[in-house]
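Asks: give me the fold of what follows.
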Amino acid sequence: MLDYYEEREKLDPKRVLHWKLSVLSAAWNTPTPLAQVTLPQELAVYVNRIQHWLHSCRGGWYLSCHFLRSYYAALADFIRHSNPSHLKEGTIIYCQKQLVAAEIVLRDEQGGNRPDRDRLTEAGDLLEKAAQGTHQRQIDWLIRKLDEHVRRIVVAEHEYSRVAEYLSCVFISLLEDGVIHSKQEELNKARETLLPLLDLSRFEERYVL
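Replies: Okay, here's the model as predicted:
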């Protein structure tokens, strides 16, 4: 089944399936309280909740960038302290696909409807470029792409929810699999940026949808 999912990802990076994130599901029922989170893996559980909300409830909607600016910036900065030598090749490839999918969606938003053949060709070219170079260069590519989204969101008014979802998948993967050397103050900052999105997701799940 995983081979089937992986093949679907290869065919169209926009159709990213989140089977990799299922390992977190057991922690959903008994997570460490957010105020007591001290490990990146514990923080990943709450980012996964945001990703799940974006995927299940917000798919195809736009979201005010007011809720995303500090979220993108703090998580990207927190992940910057990871030790790239510990990241698995599968994690890097997965994150590359998520970031390429986000870029394709953004280009579609700017350029209107495009033939699927053009979209898939473009996605393949972007993935090929992302995979070039050494392990360190591929990590640098991931960080650079996250920084581009941080700068972009500062001047944007609305974000397509699928883009926010793809970036959340990257955050989850790197929080789970990376070895992050950061101070507790930096983790606290990242933790606090989740609160507005968690509150919004709970409100919408209860009263809107």
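
Asks: Leu99 versus Ser182, what's the distance?
Replies: 22 Å (Cβ to Cβ, to the nearest Å). Quick note: C-beta positions are derived from backbone N, CA and C, even for glycine.

Asks: where does the chain dip in pLDDT?
Replies: In the predicted model, the chain carries pLDDT under 70 at residues 1-29, 59, 84, 112-113, 207-209.

Asks: quick one, helices of it?
Replies: Secondary structure of the chain by DSSP state H: the helices cover 2-11, 25-28, 40-56, 69-79, 89-111, 116-130, 135-155, 161-177, 184-203.

Asks: contacts only, for Lys145.
Replies: Leu99, Glu103 (Cβ atoms under 8 Å, 6 or more residues apart in numbering).

Asks: next, the buried residues of stretch 122-132.
Replies: Neighbour counts over stretch 122-132 (16 or more other Cβ atoms under 10 Å) mark Glu122, Ala123, Leu126, Leu127, Ala130 as buried.

Asks: what separates it from the chain centre, distance-wise?
Replies: Chain-centre distance of stretch 122-132: 18 Å, with Cα atoms, centre = their mean, to the nearest Å.

Asks: put the alpha carbons of it into CSV.
Replies: Extracted as CSV, the C-alpha positions of stretch 122-132 are listed here (Å, rounded to 0.1, in the frame of the first residue of the first chain):
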residue,chain,number,x,y,z
GLU,A,122,7.3,21.7,-14.0
ALA,A,123,6.9,19.7,-10.8
GLY,A,124,9.4,17.0,-12.1
ASP,A,125,11.9,19.7,-13.0
LEU,A,126,11.6,21.3,-9.6
LEU,A,127,12.0,18.0,-7.8
GLU,A,128,15.1,17.1,-9.9
LYS,A,129,16.7,20.4,-8.9
ALA,A,130,15.9,19.9,-5.3
ALA,A,131,17.5,16.5,-5.3
GLN,A,132,20.8,17.6,-6.7
